[in-house]
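Chemist: just the structure for this:
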Amino acid sequence: MTKTLFSKMSFGIIALFILIAAMSRLLPHPPNFTPIGGMALFGMAYFSKKYWALLIPIISIWLSDLVLNNVVYSQYYDSFVWFNINSLWIYGAFMLIAGIAYFTLKKMKITHLLGTSILASVLFFLITNLGVWFSGTMYTKDISGLIACYTAGVPFFWNTLAGDLCYTALLFGAYELIRRYWLTTSTVNG
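Modeler: Numbering: from 1, shown residues only. All right, here's what the predicted structure looks like:
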């Protein structure tokens, strides 16, 4: 009975964890120390219907982008920003990471989770820096400009890696603690 109740509640718990992780982008943090990779892995590992693993995190990221673009970075825009075209690179990276997690996290092992988290950081770095080069004006549109863009992004990669590892550990660890506590106390009390 209580295992069934937890199964019914798990959708809300997973969605709430993802929303909280996305909103943590609003807190002061080192550049690129974000929950994006961890959210992709967590959602894909635990949502039974995989479309939720894409939809809920993307909506959560978009909501945090609304606040970031219109409050934190409002001086850079002339009016209210519903959607930042540069975010497409972030959303694209997120979807690719989630797609890879679909295959790598079918069997939950720490080694799979660690390897996929590191891969998520690398992919995020490659895709978003390609986006900066492709859609920005800071770098020349040739191979030397692309190399300069990736070189300038290297310091941010380490924060991305740290953020992915940290948020992956937090999301998966907290969920497993809650799940085990719930199932243990329901067995004892049931």
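
Chemist: next, the contact list for the most centrally placed residue in the chain, please.
Modeler: Nearest to the mean C-alpha position of the chain, by CA atoms, centre = their mean, lies residue 36 at 1.7 Å. Contacts for residue 36 (CB atoms under 8 Å, 6 or more residues apart in numbering) come out as 61, 90, 93-94, 97, 124, 163-164. To be clear about C-beta, it is placed using only N, CA and C from the backbone, and glycine gets the same treatment.

Chemist: change it to 10 Å
Modeler: Applying CB atoms under 10 Å, 6 or more residues apart in numbering, we find residue 36 in contact with 21-22, 25, 57, 61, 90-91, 93-94, 97, 120-121, 124, 128, 160, 163-164, 167.

Chemist: from those residues, which ones fall inside strands?
Modeler: If you go by DSSP state E, the contacts of residue 36 have nothing in strands.

Chemist: of the residues you listed, which count as buried by neighbour count?
Modeler: Listed as buried from the contacts of residue 36 are 21-22, 25, 57, 61, 90-91, 93-94, 97, 120-121, 124, 128, 160, 163-164, 167; burial here means 16 or more other CB atoms under 10 Å.

Chemist: and residue 164, how far from residue 138?
Modeler: As judged by CB to CB, to the nearest Å, residue 164 and residue 138 stand 25 Å apart.

Chemist: likewise residue 69?
Modeler: 19 Å.

Chemist: more crowded one of these two?
Modeler: When residue 69 and residue 138 are compared for neighbours, residue 69 comes out ahead with 18 against 10, by other CB atoms under 10 Å.

Chemist: what pLDDT does the more buried one get?
Modeler: Note on residue 69: pLDDT of 89.

Chemist: ok, now the one 4 residues further on?
Modeler: Among the per-residue scores, residue 73 holds a pLDDT of 87.

Chemist: what about it, how many residues nearby?
Modeler: Residue 73 has 13 nearby residues by other CB under 10 Å.

Chemist: quick check: it touching residue 81?
Modeler: Yes: assessed by CB atoms under 10 Å, residue 73 is found in contact with residue 81 at 8.5 Å.

Chemist: count of neighbours near residue 142?
Modeler: Residue 142: 10 surrounding residues under other CB under 10 Å.

Chemist: look up how far residue 148 lies from it.
Modeler: Separation of residue 142 from residue 148 (CB to CB) stands at 10 Å.
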